[in-house]
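Novice: Could you work out the structure for the sequence below:
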Amino acid sequence: MPEYNLLFAERLIDAADCLVEQDKPGVVQAVLYLSYVAAEITLKVLLEKAGWSVKHLTRRGHKLANLLKDICACEVQDSSTSIWRSAASLCSATVDSQYSDATVGKLLQAETQGASTYPNQIRYGEDLHHYHPLLMLGAARKALEWAKNHEQTIRRKKNVG
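Specialist: Next up is the predicted model:
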């Protein structure tokens with residue numbers, strides 16, 4: 001039985017959606033946090049399906065940059081052509097077409113660009129430095145959508161040579 005599941009990630013996104021419309025203190029922080037947790041679980045679902053052990057994923061902790069690095073070491077099968085291609089395409093998926101660089105990869109690695117670190121700096125404190133919470137929620141949603149489309153065919157890249 002898998003350790004991680006997409007349904008849980010989807011429910012976290014649903015919860016964040018419910019908060020977005022509220023004008024209450026702490027909403028920005030809560031939406032950012034739920035978005036990150038949903039994205040983390042989504043990436044771990046994909047990696048577990050690709051063959052990474054739960055032990056490896058646990059050691060990766062909450063570092064989405066490291067999880068994305070593992071995703072980039074995977075490939076997925078195109079449903080229309082049956083051709084295997086790099087799973088790194090997840091990183092280049094556009095979250096919001098209003099911004100030329102609002103991709104899943106850039107947004108989920110925001111802390112490498114100076115944003116508040118997930119989970120601690122988002123969970124604690126009041127001084128958040130981050131992308132807009134709707135962009136981060138969009139990144140989690142786009143990652144989930146991508147995962148649903150590719151979870152059945154993701155695998156580690158085969159070594160050539």
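Novice: hey, let's count contacts and neighbours off CA atoms from now on
Specialist: OK.
Novice: Low-confidence ranges, this protein, go.
Specialist: Applying pLDDT under 70 to the chain picks out residues 159-161.
Novice: And the residue nearest the centre of it?
Specialist: Ala39 (3.0 Å; Cα atoms, centre = their mean).
Novice: Go ahead and confirm that one touches Arg11.
Specialist: No. Using Cα atoms under 8 Å, Ala39 is not in contact with Arg11; the gap is 11.6 Å.
Novice: and Arg70, how far is that from Leu57?
Specialist: Quick fix: residue 70 is Asp, not Arg. 10 Å (Cα to Cα, to the nearest Å).
Novice: Give the full set of residues in contact with Ile83.
Specialist: Residues counted as contacts of Ile83 (Cα atoms under 8 Å, 6 or more residues apart in numbering) are Gln77.
Novice: And the helix or strand Lys49 falls within, how far out from the chain middle?
Specialist: Per DSSP states H and E, Lys49 falls inside helix 27-50. Offset of helix 27-50 from its chain centre (Cα atoms, centre = their mean, to the nearest Å): 5 Å.
Novice: So which elements touch it?
Specialist: Counting contacts by 3 or more Cα pairs under 8 Å, 6 or more residues apart in numbering; DSSP states H and E, helix 27-50 is packed against helix 6-20, helix 54-60, helix 64-72, helix 120-123, helix 133-150, strand 155-156.
Novice: how close does Asp101 get to Ala140?
Specialist: In terms of Cα to Cα, Asp101 sits 16 Å off from Ala140.
Novice: The two: who's more crowded?
Specialist: Per other Cα atoms under 10 Å, whichever of Asp101 and Ala140 has more neighbours is Ala140, with 31 against 15.
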